[in-house]
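Participant: Dropping a prediction and its sequence here:
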Amino acid sequence: MILFLQQLVSGISIGAVYSLLAVGYALVYSVYNFTNWAFDAFMVTGAFAAFYAITLFALPFPVAIVLAIVLTVGVSLAVEVGAYRPLRARRAPRLFMMISAMGASMALVNLMNIAFGGAFRKFPQVVAGALVVGGVSISKMDLFAAVFSFAVLGLLWLLLERTRIGLGIRASALDTLTAGLMGVDNNGVALVIFGISGVLSAVAGIFYGAKYAVYPYLGLVTIKAMIASIIGGIGSLPGAVVGSLFLGITETLVSGYISSIYRDLFSFSILVAVLLFFPNGLLGAKTVDKL
């Protein structure tokens, strides 16, 4: 029982990190109907920025988080302006935007690989120790990652539901053209969405790097976030969170009770099963009600 609870806590922590990326995927898809494949580059940017802020400049962890977020948001906005906006202006097919995103991502990741090398870097132990509750040992870093991640998601919910900016995003999610005719600045909405994407991916990169290691291809884990987003219901923000927690807990239990070798096998098998029996995801999100 204790082992199960420990695996459950660890799964929730990993699921919280997946949630950040999955919500980012869902947010972009809900407005533009395409998948932002540049998330892995943003995630790696945040992880490296925080790592070097702590190890090279000896900055406190909270300052490193802020610095990493600012830098990642800058990269995300640059990709939006340079890789997406020209295609949107030409009304290019969505497929072209996805290809452009993949190109931008590969360029950024390989640039970091050239600049920093492909070695695995151990993240400094910024939150040490563990809490023992009823015989269950909970890593303070896992707990901090989960709480911080859910706090960020909570702030995002408030932004979407309680602000004029959020109203503009939700209107664009329903119909971008009509929202533009009603006075919503489509380019401004794009900047906000990709700014949010930068924040989410930076936080995910920091905590994933802190849990495992920092290296140029750390962002490959974003495929798990995409799986989580599809499981919950692509385009649905609540579904992205539910799918992420489900996937994180499932992977952890499989690793703990069977073997970590089969973790990815179970993840992709669940994806296939969901697509076969629940094409709209577990929450059955519809295109007319994505946010």
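Facilitator: Structure received.

Participant: Tell me which other helices or strands the one helix or strand residue 229 maps to touches.
Facilitator: Applying DSSP states H and E as the criterion places residue 229 in helix 222-232. Counting contacts by 3 or more C-beta pairs under 8 Å, 6 or more residues apart in numbering; DSSP states H and E, helix 222-232 is packed against helix 2-32, helix 39-55, helix 237-257, helix 263-277. All C-beta atoms are positioned from the backbone trio N, CA, C, and that covers glycine.

Participant: The same query, at a cut-off of 6 Å, please.
Facilitator: helix 2-32, helix 237-257, helix 263-277 (3 or more C-beta pairs under 6 Å, 6 or more residues apart in numbering; DSSP states H and E).

Participant: Low-confidence bits of this structure, can you list those?
Facilitator: Across the chain, the ranges flagged by pLDDT under 70 are 284-291.

Participant: rerun at 50
Facilitator: Counting by pLDDT under 50, the ranges of the chain that qualify are 287-291.

Participant: on that earlier part again, for the helices and strands packed on helix 222-232, give me TSV that also has distance to residue 194.
Facilitator: What follows is those, written out as TSV (distance: least, C-beta to C-beta, whole Å):
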stretch	distance to residue 194
helix 2-32	8
helix 237-257	16
helix 263-277	26
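
Participant: For the helix or strand that residue 197 is a member of, which helices and strands make contact with it?
Facilitator: Using DSSP H and E, residue 197 maps to helix 186-211. In terms of contacts (3+ C-beta pairs under 6 Å, 6+ apart), helix 186-211 is packed against helix 2-32, helix 39-55, helix 61-79, helix 164-174.

Participant: Kindly reformat the helices and strands packed on helix 222-232 as TSV containing mean neighbour count and distance to residue 78.
Facilitator: Shown next, in TSV, are those (neighbours: other C-beta atoms under 10 Å; distance: least, C-beta to C-beta, whole Å):
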stretch	mean neighbour count	distance to residue 78
helix 2-32	23	16
helix 237-257	22	25
helix 263-277	14	32
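
Participant: The ones you listed: which one's closest to residue 129?
Facilitator: helix 2-32 (14.7 Å; C-beta to C-beta).
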